[in-house]
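Participant: Test case, fold it:
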Amino acid sequence: MNKKKKIKAPTIVIYVFLSLMLVLYLAPLVWIGLTSFKSRPEIYKAPFGWPKAFHFENYAMAWKAGRLGIAMMNSLFVCVITLILTMVIGSMAAFAIARMRWKLAGAAMVYILIGMMIPVHCVLIPLFVRFAKIGLSNNLWGLILPYLTFSLPTCVFIMAGFFRSIPNELLESACMDGCSIFQMFFKICFPLARTGLFVTGLMTFIGNWNELLLALVFVSDDTKKTLPVALTKFVTPYQTNYDKMFPAIMIAIIPTIVVYCMFSNQIVDGLTTGAVKG
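Facilitator: Numbers count the residues shown, from 1 in each chain. As a prediction, this is how the structure comes out:
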């Protein structure tokens with residue numbers, strides 16, 4: 001007879017904790033999704049109840065009233081350009097710090113990591129004044145530059161750990177075969193560190209996709225506003241259009257969920273690899 005395996009008490013505690021965390025994270029998302037199909041009187045009358053009828057027209061009205069199509073394209077442009085520049089520049093800087101021998105490598109790493117300690121609020125006014133002088137205010141490139149600046153420290157920090165995990169023998173053999181520094185980076189190190197790129201890429205994309213403060217201050221033209229700024233149109237001094245705001249929030253959330261679901265396996269592999277070798 002097969003003996004039944006006894007489930008240990010710590011395992012039960014872990015599963016209970018994980019189940020509670022799952023409910024805690026999914027509950028707001030489910031609530032927003034259900035509320036997005038309610039009419040405005042129903043939202044006020046039964047905010048936590050099941051919708052009596054699904055009003056799919058709420059999404060069409062929110063899309064049109066908030067001009068979410070233009071805002072989504074602006075957010076996509078800013079996030080994709082920032083993502084590409086962050087991955088290329090950040091990984092090259094991390095490779096130089098982690099694998100190349102030069103005296104100021106440690107000082108350069110410290111200087112870059114200082115950027116992780118500086119809040120956006122401290123540089124908001126100086127950036128606004130400087131960008132106004134050079135013509136970058138009310139311009140999408142005026143968002144890309146600070147997004148890139150604040151995304152680079154995290155990218156360099158994570159990617160440096162992945163580059164340090166690459167065996168020295170592999171790089172030495174590449175040097176013996178006549179590889180240059182750029183060939184060694186793009187043909188060997190960059191592909192081997194792709195799991196780290198997935199992790200930093202997701203963090204960069206989601207962080208910039210949801211950013212509101214810089215976009216709200218630097219951009220005033222409706223045709224150049226990003227998606228988080230477009231969501232503020234549904235809140236007025238006298239009322240909040242909940243029947244349009246909740247569908248707009250769901251529209252803003254969907255791209256991040258799709259991106260995460262597409263690369264979830266690579267992200268988990270990257271996190272575990274960095275935890276073991278970084």
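
Participant: what about His115, distance to Leu152?
Facilitator: Quick fix: residue 115 reads Gly, not His. 7 Å (CB to CB, to the nearest Å). The C-beta positions use only the backbone N, C-alpha and C, and glycine is treated the same way.

Participant: For these two, work out which one has more neighbours and name it.
Facilitator: Leu152 (22 against 15; other CB atoms under 10 Å).

Participant: measure the more buried one to Thr86 for me?
Facilitator: 6 Å.

Participant: Give the burial count for the closest residue to Phe218 other than its chain neighbours, as a bare number.
Facilitator: Excluding the flanking residues, the one nearest Phe218 by CB to CB, 6 or more residues apart in numbering is Gly142, at 5.0 Å. For Gly142, the count of nearby residues is 25 (other CB under 10 Å).

Participant: again, but for the one 4 residues further on
Facilitator: Here the count is done by other CB under 10 Å, and Pro146 has 21 residues near it.

Participant: Helix, strand, or coil at Ile257?
Facilitator: helix (DSSP: H, G, I helix; E, B strand; the rest coil).

Participant: and what of Pro237?
Facilitator: Pro237 is classified as coil under three-state DSSP.

Participant: Neighbours of it, how many?
Facilitator: 4.

Participant: gap between it and Ile43?
Facilitator: Pro237 sits 19 Å away from Ile43, going by CB to CB.

Participant: likewise Val235?
Facilitator: Distance, Val235 to Ile43, by CB to CB: 14 Å.

Participant: re earlier: need the overlap of contacts for Leu152 and Thr86.
Facilitator: By CB atoms under 8 Å, 6 or more residues apart in numbering, Leu152 and Thr86 have no common neighbours.

Participant: any low-confidence regions in the chain?
Facilitator: 1-7, 264, 266-278 (pLDDT under 70).

Participant: what about the longest helix in it?
Facilitator: helix 68-99 (DSSP state H).

Participant: circling back: just want the phi and psi numbers for the residue nearest to Phe218.
Facilitator: Backbone dihedrals for Gly142, given as degrees, to the nearest 10, come out at phi -70, psi -20.

Participant: So it versus Ala215, what's the distance?
Facilitator: According to CB to CB, Gly142 and Ala215 sit 10 Å apart.

Participant: And for Val13?
Facilitator: Taken as CB to CB, the span from Val13 to Ala215 is 43 Å.

Participant: Show me which of those two is the more surrounded one.
Facilitator: More crowded of Val13 and Ala215, by other CB under 10 Å: Ala215, with 26 against 10.

Participant: Am I right that the more buried one is in contact with Lys225?
Facilitator: Yes: using CB atoms under 8 Å, Ala215 makes contact with Lys225 at a distance of 7.0 Å.

Participant: sorry, back to before: tell me which of Val235 and Ile43 has more neighbours.
Facilitator: Comparing Val235 with Ile43 by neighbour count (other CB under 10 Å), the higher total belongs to Ile43, at 18 against 11.

Participant: What ranges does this structure have for its strands?
Facilitator: Counting by DSSP state E, the chain has no strands at all.

Participant: Give me the most central residue, it.
Facilitator: Taking CA atoms, centre = their mean, the centroid of the chain lies closest to Ile206, which sits 2.0 Å from it.

Participant: How about that one: what's its closest non-neighbour residue?
Facilitator: Thr256 (5.2 Å).

Participant: and that neighbour, how many neighbours?
Facilitator: For Thr256, the neighbour count with other CB under 10 Å is 14.

Participant: Equivalent analysis for the one 4 residues further on, please.
Facilitator: Tyr260: 13 surrounding residues under other CB under 10 Å.

Participant: How many residues are close by Val219?
Facilitator: Other residues close to Val219 by other CB under 10 Å number 21.

Participant: dump the residue contacts of it.
Facilitator: By CB under 8 Å, 6+ apart, Val219 lies in contact with Asn138, Asn139, Leu140, Gly142, Leu143, Lys225, Thr226, Val229.

Participant: same thing but 7 Å
Facilitator: Val219 makes contact with Asn138, Leu143, Lys225, Val229 under the criterion CB atoms under 7 Å, 6 or more residues apart in numbering.
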